[in-house]
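Colleague: Sequence and predicted structure are below.
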Amino acid sequence: MVFGATRRTVLGGIAAASVAPLLPRRARAATRPIRIGVLTDMAGPYSEDSGRGSVVAAQLAIEDFAKLSPGIAVELVSGDMQGKPDVASALASAWYDRDGIDVIVDLPVSSAALAVAHIARQKDKVAILNPGTSDLTGKACSPNHVHWAFDTYALANSTGRAILAGGGRTWFFVQADYAFGAALAADTGRIVQEQGGKVLGSVRYPFPGTMDFASFLLQAQTSGAQVVAFANAGADAANCIKQAGEFGLTQSGQKLASLLCFIPQIHGIGLQAAQGLLLTEGFYWDLNDRTRAFSKRYGARMDGQMPCTIQVGCYSGVLHYLKAVAAMGVDAARVSGAAAVRQMKQMPTDDDVFGKGRVREDGRKIHDMHLFEVKTPGESKSSWDLYRLVRTTPGEEAYRPLAEGSCPMVRS
């Protein structure tokens, strides 16, 4: 029989929900549980893409692992980083040092993820990260973290090449002014230029806190670019798409490309406004039987909502980490986070959300990426039936070649 409980604690001055070990009580007494911390955005611009959904996904991973290795106890805590690197750093340090957290997962904001990756290396712990910046497997790579769900290179490679092939040769970027926005615009701009296109300009807006994108969209409109690309995510991406429609960008012939827009935003915007938009995700609930089965379980705990790539990244990353712990032993995994990450790299990955893959030498999780077109209202058969699959890029082709990342861990 499986036992479970929920309690409220305060860790590092920030509220955190803790889920008791999903294991028989005799196993609990034998050794201290592996402790997993979901450090996420609970109320900010990325809360729909992570937040509560990331916590639920991690819980599902723990439950699935308990069926495989019932003798290993696991606890889960969660905390709100508030989209701020300093808050994320403070909580991560407290979790690692004081509260016995063995691995921190999620971190959907690039600047915060980079900060926590540095702390994980200092303290020889583990971090499994879900932001966009490809620096995490480049100059900022480390033996103590894995970059899991997606990155800016894969998004640029999938979405950028498809739009260029369809005739969109001139581009203008509207980008969030922080590490993720800069990396996404830079990676896509490079793809555009390599394929013979041209970047006519870009504009950065303050992040977080911008709600009115009028002046930035006006610059994009007057640029005359065929493609207006939004290098942002979450609520910002949704607002840009909606306000671009109000300003008549699409009516004037400009193509809108969301370089990172997940299914919660498309659902919120609605098909009438979002139809025809091209975007890339590593996951879609209706891809195959395995994704549908997982999403049914997830939706039952999320009031019918379907998960996005970041949220299922927490499921996939937590499950693979726990499999590595089982393979090497709890004590060895707890002694060295770098050793646990090495074990993760030695084992192939396979789960219901991303299918088969691997963790590369530079810490990049490799799995397929999918280009989708948002359906028209007439094509959709249900409230979450939003995407039409355009093409799949195999994982080994989707991500930046190992030799091009400048990761110090990679042998030349």
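Modeller: Now that the structure is in, tell me what you want to look at. Keep in mind it's a predicted model, so treat the numbers as computed, not measured.

Colleague: Next, residue 370: secondary structure please.
Modeller: strand (DSSP: H, G, I helix; E, B strand; the rest coil).

Colleague: how close does it sit to residue 84?
Modeller: When distance is defined by Cβ to Cβ, to the nearest Å, residue 370 is 31 Å away from residue 84. For the C-beta atoms, the positions are set from N, CA and C on the backbone; glycine is no exception.

Colleague: More neighbours: the two, which one.
Modeller: Taking other Cβ atoms under 10 Å, residue 370 and residue 84 do not tie; residue 370 has more neighbours (20 against 17).

Colleague: Give me the nearest residue to that one, chain neighbours excluded.
Modeller: residue 392 (5.1 Å; Cβ to Cβ, 6 or more residues apart in numbering).

Colleague: wait, is the one you found part of a strand?
Modeller: Yes: counting by three-state DSSP, residue 392 is located in a strand.

Colleague: how many neighbours does it have?
Modeller: Neighbours of residue 392 (other Cβ under 10 Å): 14.

Colleague: Show the model's pLDDT score for it.
Modeller: We note a pLDDT of 91 for residue 392 in this prediction.

Colleague: ok now do it, which residues does it touch?
Modeller: 368-371 (Cβ atoms under 8 Å, 6 or more residues apart in numbering).

Colleague: how does it look with 10 Å?
Modeller: 158, 287, 368-371, 398 (Cβ atoms under 10 Å, 6 or more residues apart in numbering).

Colleague: for residue 35, helix, strand, or coil?
Modeller: strand.

Colleague: What of residue 67?
Modeller: Three-state assignment for residue 67 (three-state DSSP): helix.

Colleague: mind checking how far it is from residue 33?
Modeller: For residue 67 relative to residue 33 (Cβ to Cβ), the value is 17 Å.

Colleague: neighbours of residue 390, just the number please.
Modeller: Residues near residue 390, counting by other Cβ under 10 Å: 15.

Colleague: would you turn the contacts of residue 392 into CSV with distance to residue 238?
Modeller: Formatted as CSV, those follow (distance: Cβ to Cβ, whole Å):
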residue, distance to residue 238
158, 20
287, 23
368, 25
369, 21
370, 20
371, 20
398, 25
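
Colleague: Going by distance to residue 143, which of the residues you listed wins?
Modeller: Nearest to residue 143, judged by Cβ to Cβ, of the contacts of residue 392 is residue 398 at 23.5 Å.

Colleague: Does the closest one touch residue 366 like I think?
Modeller: Yes: using Cβ atoms under 10 Å, residue 398 makes contact with residue 366 at a distance of 7.9 Å.

Colleague: The two: which is more packed in?
Modeller: Set residue 398 next to residue 366 and count neighbours by other Cβ under 10 Å: residue 398 wins out with 22 against 19.

Colleague: got the domain boundaries for this protein?
Modeller: Using automatic domain parsing, the domain parsing of the chain gives 6-150+288-367, 153-286+369-402.

Colleague: So which of those domains has the densest surroundings on average?
Modeller: Among the domains of the chain, domain 6-150+288-367 has the highest mean neighbour count (mean count of other Cβ atoms under 10 Å), at a mean of 21.

Colleague: Run the chain-centre distance for that domain.
Modeller: Distance, stretch centre to chain centre, for domain 6-150+288-367: 11 Å (Cα atoms, centre = their mean, to the nearest Å).

Colleague: any idea of the mean pLDDT for that domain?
Modeller: 90.

Colleague: Quick check: the gap between residue 206 and residue 236.
Modeller: Distance of residue 206 to residue 236, given as Cβ to Cβ: 11 Å.

Colleague: Quick check: neighbours shared by these two?
Modeller: Going by Cβ under 10 Å, 6+ apart, residues that sit against residue 206 and also against residue 236 are residue 176.

Colleague: which residues touch the closest residue to residue 372 other than its chain neighbours?
Modeller: Excluding the flanking residues, the one nearest residue 372 by Cβ to Cβ, 6+ apart is residue 387, at 3.9 Å. For residue 387, the contact set (Cβ under 10 Å, 6+ apart) comprises 263, 266, 277, 279, 281, 284-287, 370-375, 380.

Colleague: in the sheet, who's paired with residue 387?
Modeller: Residue 387 has the following beta-bridge partners by DSSP bridges: residue 374.

Colleague: Report pLDDT for it.
Modeller: As summarised for this prediction, residue 387 has a pLDDT of 97.

Colleague: Against residue 160, how distant is it?
Modeller: Residue 387 is 18 Å from residue 160, by Cβ to Cβ.

Colleague: One more: residue 405?
Modeller: From residue 405 to residue 160 the distance is 18 Å (Cβ to Cβ).

Colleague: With residue 186 instead?
Modeller: Counting by Cβ to Cβ - residue 186 and residue 160 are separated by 12 Å.
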